[in-house]
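Novice: got a sequence here, can you build the structure:
(one chain, ligands or ions: 2)
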Amino acid sequence: MTATITPDPKILQVGIIGMGDMGRMYARRLSAAGWTINACDRPENFEKLKNDFASNSLVNILENGHLVSRLSDYIIYSVEAENIEMIVAMYGPSTKVGAIVGGQTSCKAPEIAAFEKHLPPDVQIVSCHSLHGPNVDTRGQPLVLIQHRASDEALDVVRTVLSCFNSQFVYLTASEHDKITADTQAATHAAFLSMGVAWHANNQFPWEVPRYVGGIENVKINISLRIYSNKWHVYAGLAIMNPAAQAQILQYAQSVTELFTLMIEHKTKELRDRVYAAKNAVFGGLPANHELLLSDDLLDNFSLSNVPPQDRTPNSHLSLLAMVDCWWKLGIVPYDHMICSTPLFRIWLGVTEYLFQSPGLLDECINVALENDTFRADDLEFTVAARSWSDIILFGNFNLYRTRFETTQNYFSPRFPDATKMGNEMIKTIFEKTKQRRLH
Ligand SMILES: NC(=O)C1=CN([C@@H]2O[C@H](COP(=O)(O)OP(=O)(O)OC[C@H]3O[C@@H](n4cnc5c(N)ncnc54)[C@H](OP(=O)(O)O)[C@@H]3O)[C@@H](O)[C@H]2O)C=CC1
Ligand SMILES: O=C(O)C(=O)Cc1ccc(O)cc1
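Specialist: Residues are numbered from 1 along each chain as shown. Ligands and ions are numbered 1, 2, ... in the order given. I've put the predicted structure just below:
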């Protein structure tokens, strides 16, 4: 069934269909490593794209995916997950005989189904997924490879082409990929999306509010703004199209609601027992000499606020209590997924670990949750937001997702440049610090 493809930059041509943020990042890095790239976006974007890459002689911009598919030996679809079936149906039949095809979408079940349905049988399928955003240094980051319908030689070709990223290859099946990424990404994103909506609902720029000062608060603000500065469809696609993700988001919303109810009912024993049961399930297996992934000193360096950190207000941290509760209820041990984790997931895990494992901090947080009303209005809005995101995702409503996302995105947009700069620094520092932990 298979034709031989030589992974030689003088011969092999790489195709990229979809020149958005990720497609452009791939085109730049692969061409810098000497590969010839044939690339396209939607036909109406042809002139602009051609202009943008006019100075790069190794990137050959074409009008549409038919032209890319006919010329290229290894083709990557880097398009919106929601549209993958329609786009593969359009261009897949034009694929060069014996070529290798893969996709970059964040959820593999629909992508693989589209490939199986629309690619000619002589075409091999090796999919990929860079587990990070387009502006993150690719070195050392996980890069999932899925040898779905392909020879070992075809996998080798893909490995050779993508080796210039110096990422860490992780070999999975499509369904393993979807299960693990649901565990790492779905509830993480739900938490940050809900924070953004809650701050917006209370008409707050959190870095201007003195009660949002301190290490953990810096992470919440930076990461939430980082997500809102990205494209809505990236998060909608991986939440709505991955069935395993829906269960996580539903559980996260339930955990938020149930913990918030215990807080406002002042059910001290029930709340404490539940939080400690979750702590035991998620962190109980860590060795005695386990070092925290993050420290407050480190996190204090990444503030968008001008208020000094010593004026920190203790917080109920509902979003973090609910995260660990959610992992517990779903039987997820997040450390099992480090090899396949995104930067945001590692940071989020680092923060939850910091809250649950720093002496005294968890009890302080439970006491605040039960007795202090400072964050009550924020926690109420956060609960409503978590429920609302889970409804939108369970109903699979892309339009409502987009409206909800973009409304909050507009509200925060003036601060995106600062937050992106700070977020990149934070990711870099935390990446260095957690390198050992990630690889073992
Ligand atoms: N951004 C991220 O952090 C990551 C994203 N991913 C995944 O990678 C994929 C791409 O994401 P990203 O680059 O961020 O998104 P973008 O929206 O920036 O890129 C998608 C591109 O595909 C184009 N497109 C749509 N239809 C066609 C078509 N018929 N032919 C050619 N091009 C088309 C879009 O054009 P137009 O906008 O005009 O519709 C857009 O330029 C998504 O599936 C996403 O889930 C994976 C890892 C990380
Ligand atoms: O790190 C994260 O969770 C991100 O937000 C970036 C991201 C988005 C989509 C992916 O498929 C992979 C990474």
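Novice: report the closest residue of the stretch 301-440 of the chain relative to ligand 2.
Specialist: Thr342 (3.1 Å; CB to the nearest ligand atom). For the C-beta atoms, the positions are set from N, CA and C on the backbone; glycine is no exception.
Novice: can you get me a residue count around the closest residue to that residue other than its chain neighbours?
Specialist: Of all residues not flanking Thr342 in the chain, Leu131 sits nearest, at 4.8 Å (CB to CB, 6 or more residues apart in numbering). The tally of other residues near Leu131 (other CB atoms under 10 Å) stands at 25.
Novice: against Leu143, how distant is the residue of the stretch 301-440 of the chain closest to ligand 2?
Specialist: 12 Å (CB to CB, to the nearest Å).
Novice: picking up where we left off before, confirm for me that the residue nearest to Thr342 is in contact with Leu145.
Specialist: No - Leu131 lies out of contact with Leu145 (CB atoms under 8 Å); the separation is 11.6 Å.
Novice: re the thing from before, residues contacting the residue of the stretch 301-440 of the chain closest to ligand 2?
Specialist: 131-132, 142, 184-185, 188 (CB atoms under 8 Å, 6 or more residues apart in numbering).
Novice: ok, which of the residues you listed also contact ligand 1?
Specialist: Checked against ligand 1 using CB under 6 Å from any ligand atom, the contacts of Thr342 yield no neighbours at all.
Novice: stretch 35-51 near ligand 1 at all?
Specialist: Yes - judged by CB under 6 Å from any ligand atom, stretch 35-51 comes into contact with ligand 1 at 40-42, 45.
Novice: also stretch 86-96?
Specialist: Yes - remark: stretch 86-96 sits within contact range of ligand 1 at Ile87, by CB under 6 Å from any ligand atom.
Novice: check the separation of the first and last residues in that stretch.
Specialist: Its first and final residues considered, stretch 86-96 spans 19 Å by CA to CA, to the nearest Å.
Novice: what separates it from the chain centre, distance-wise?
Specialist: Counting by CA atoms, centre = their mean, to the nearest Å, stretch 86-96 is centred 27 Å from the centre of its parent chain.
Novice: what's the answer for stretch 178-186, then?
Specialist: Distance, centroid of stretch 178-186 to centroid of chain: 9 Å (CA atoms, centre = their mean).
Novice: and for it, what are the contacting residues?
Specialist: Counting by CB under 8 Å, 6+ apart, 106-109, 129, 131, 172, 238-239, 242-249, 252, 330, 332, 334, 337, 340-342, 344-345 sit against stretch 178-186.
Novice: just the buried ones from the residues of stretch 35-51 next to ligand 1?
Specialist: 40-41 (16 or more other CB atoms under 10 Å).
Novice: where strands are concerned, which of the residues of stretch 35-51 next to ligand 1 count?
Specialist: Cys40 (DSSP state E).
Novice: tell me which of the residues of stretch 35-51 next to ligand 1 is nearest to ligand 2?
Specialist: Among these, Asp41 lies closest to ligand 2 (CB to the nearest ligand atom), at 19.0 Å.
Novice: for that closest one, what are phi and psi?
Specialist: Asp41 adopts backbone torsions of phi -120, psi -160, taken as degrees, to the nearest 10.
Novice: spatially nearest residue to it, not counting backbone neighbours?
Specialist: Met19 (4.3 Å).
Novice: before we move on, what SS does the one you found have?
Specialist: coil (DSSP: H, G, I helix; E, B strand; the rest coil).
Novice: surely it meets Asn38?
Specialist: No - using CB under 8 Å, Met19 is not in contact with Asn38; the gap is 11.0 Å.
Novice: neighbour count: these two, which is higher?
Specialist: Met19 (26 against 23).
Novice: all set, thanks.
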